[in-house]
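Student: Next one to model:
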Amino acid sequence: MTMAGVVDPADEHVRAMWNRRKWSRFALMYLAMVVSAVFYLSRHPPVWETVLVLLVAAVTAVLGMRTTFDISLPLLNRLSSWLSYVVLLALCLLLPIFAGSEWAFNSIWASAATGWIGGRWLPLRLVAYNAVIGYIAWSQDLEPVLVGWLAVVGLMVGFFCRQSRVQSDMFLELQVSRRERARLAVAEERDRIARDLHDLVGHSLSVIAVKTELARRLVTADPAKAEQELADIDTVVRRALTEVRQAVTNYRRPTLAGELASARRAAASAGIDCRVESPDSWSLPAPADGVLAWSVREGVTNVLRHSRATHCTITLSLRDSHAEVSIVDDGVGPGQDGRGNGLAGLAERARALGGSMDSGPHQDCGFHLRVRVPT
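Tutor: You can find the predicted model right below:
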């Protein structure tokens, strides 16, 4: 089962495959038991002995099925399975001693259970067990060729069941790993959407709040300027709607040049003197450019919303293997701890590229944000 109760077709395919292998193996074991019963009944044993022997043979089959595919359950059931295994070994050894050598072939139930359980000294245990069965059959005058064939079949069944157990465990581990990867992918996508929406909506709402306040002050003093601010608000809202849709579909990747230009306009609307220091031109890989763009957006949003600053400086530095953007203002900072959801998201973005982020009070006054990523 996967999330929301949906059955994974891959899991169903594996389950169906193992059911086919399990029941085909059981069918061969039951066939061996029926053949042994036919040879035994051809000797016309007493009725009471026949009933007892067939009942014991049926019990070995039940215990064989119980032990072979029920050993990896919780502790109480595991103890029960080990007890079943011990009883199975005893019955498979006693049955040919009591009822004749034809029942020696019924010992494949014990060989299969031994291989499935595994553990230390498995080859030695299989050889020892089949050697005892072979000796019992030989002591009851079973032909040497059949004794050899009995030992070979028992060893083959045991080792094949061991391989099946290993493969079954591997398939289970792969299923668990695949489900865990799917869960982590969903969590990662949820975190990405949360970061993008926080950065996009937070920045847009901050700009809208600043421009709305400015338009309200200008509506009587300068109606034309107020109308221009309202037009800018409409543009910001429409752009925010487009960016939110892009963020949900993972197509949104802001550009550093665009965010630097937008930062100047947003700061100017709030009456903040914003100075941008950057090279005349630059070329960064798309992931690095995107992280630095998000950094500028988040940093300027914090300046607009929290800092009460009058000056702000954005500096882009390019080195041989790293690019760095820093935002410094002369305000009061984004809060007491200075690490809200937006800054935490920036730190995650930077670490994903092998970069770093640090923020905190500036040495003189105000607040600084610095993001550094490899190029």
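
Student: which residues in this structure form helices?
Tutor: 9-41, 47-68, 75-99, 108-117, 122-139, 144-221, 223-248, 256-269, 286-302, 341-352 (DSSP state H).

Student: which strands and helices sit next to the fourth one?
Tutor: By that I understand helix 108-117. On a contact count with 3 or more Cβ pairs under 8 Å, 6 or more residues apart in numbering; DSSP states H and E, helix 108-117 meets helix 9-41, helix 47-68, helix 75-99, helix 122-139, helix 144-221. Backbone N, C-alpha and C define where each C-beta goes, glycine included.

Student: which stretch among those comes nearest Gly345?
Tutor: Closest to Gly345 of those, according to Cβ to Cβ: helix 144-221, at 3.7 Å.

Student: Now find how far off-centre that closest one is within its chain.
Tutor: Offset of helix 144-221 from its chain centre (Cα atoms, centre = their mean, to the nearest Å): 3 Å.

Student: what's the angle from it to helix 341-352?
Tutor: Angle between the axes of helix 144-221 and helix 341-352 is 130 degrees (criterion: axes from the mean of the first three to the mean of the last three Cα atoms, to 10 degrees).

Student: Residue ranges in the chain under the pLDDT threshold?
Tutor: Residue ranges of the chain with pLDDT under 70: 1-15, 18-19, 21-22, 69-81, 189, 192-193, 195-203, 242-253, 333-341, 364.

Student: Tell me how it divides into domains.
Tutor: 3-182, 192-374 (automatic domain parsing).

Student: Can you redo those as JSON lines, where the extra columns are mean neighbour count?
Tutor: Below are the domains of the chain laid out as JSON lines (neighbours: other Cβ atoms under 10 Å):
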{"stretch": "domain 3-182", "mean neighbour count": "16"}
{"stretch": "domain 192-374", "mean neighbour count": "17"}
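
Student: re the thing from before, would you turn the helices and strands packed on helix 108-117 into JSON lines with distance to His311?
Tutor: Putting the helices and strands packed on helix 108-117 into JSON lines (distance: least, Cβ to Cβ, whole Å) gives the following:
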{"stretch": "helix 9-41", "distance to His311": "59"}
{"stretch": "helix 47-68", "distance to His311": "78"}
{"stretch": "helix 75-99", "distance to His311": "68"}
{"stretch": "helix 122-139", "distance to His311": "77"}
{"stretch": "helix 144-221", "distance to His311": "16"}
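
Student: So for Ala270, which of these sits nearest?
Tutor: That would be, of the helices and strands packed on helix 108-117 and by Cβ to Cβ, helix 144-221, which comes in at 4.4 Å.

Student: how near is Pro254 to Pro223?
Tutor: 33 Å (Cβ to Cβ, to the nearest Å).

Student: ugh, wrong one, Ser111
Tutor: Distance from Ser111 to Pro223, by Cβ to Cβ: 96 Å.

Student: With Ser281 instead?
Tutor: From Ser281 to Pro223 the distance is 41 Å (Cβ to Cβ).

Student: ok, now Thr68?
Tutor: From Thr68 to Pro223 the distance is 88 Å (Cβ to Cβ).

Student: what's the answer for Val373, then?
Tutor: 46 Å.

Student: What of His368?
Tutor: 40 Å.

Student: Equivalent analysis for Val276, please.
Tutor: From Val276 to Pro223 the distance is 32 Å (Cβ to Cβ).

Student: How about Val53?
Tutor: 108 Å.

Student: do Val291 as well
Tutor: Counting by Cβ to Cβ - Val291 and Pro223 are separated by 42 Å.

Student: same deal with Gly354?
Tutor: 52 Å.

Student: Also Leu122?
Tutor: 91 Å.

Student: do the same with Thr67
Tutor: 90 Å.

Student: Same question for Asp169.
Tutor: From Asp169 to Pro223 the distance is 77 Å (Cβ to Cβ).

Student: what does Phe159 give?
Tutor: Phe159 is 92 Å from Pro223, by Cβ to Cβ.

Student: Equivalent analysis for Leu184, please.
Tutor: 55 Å.

Student: can you check Ala215 too?
Tutor: 10 Å.

Student: Then Ser177?
Tutor: 65 Å.
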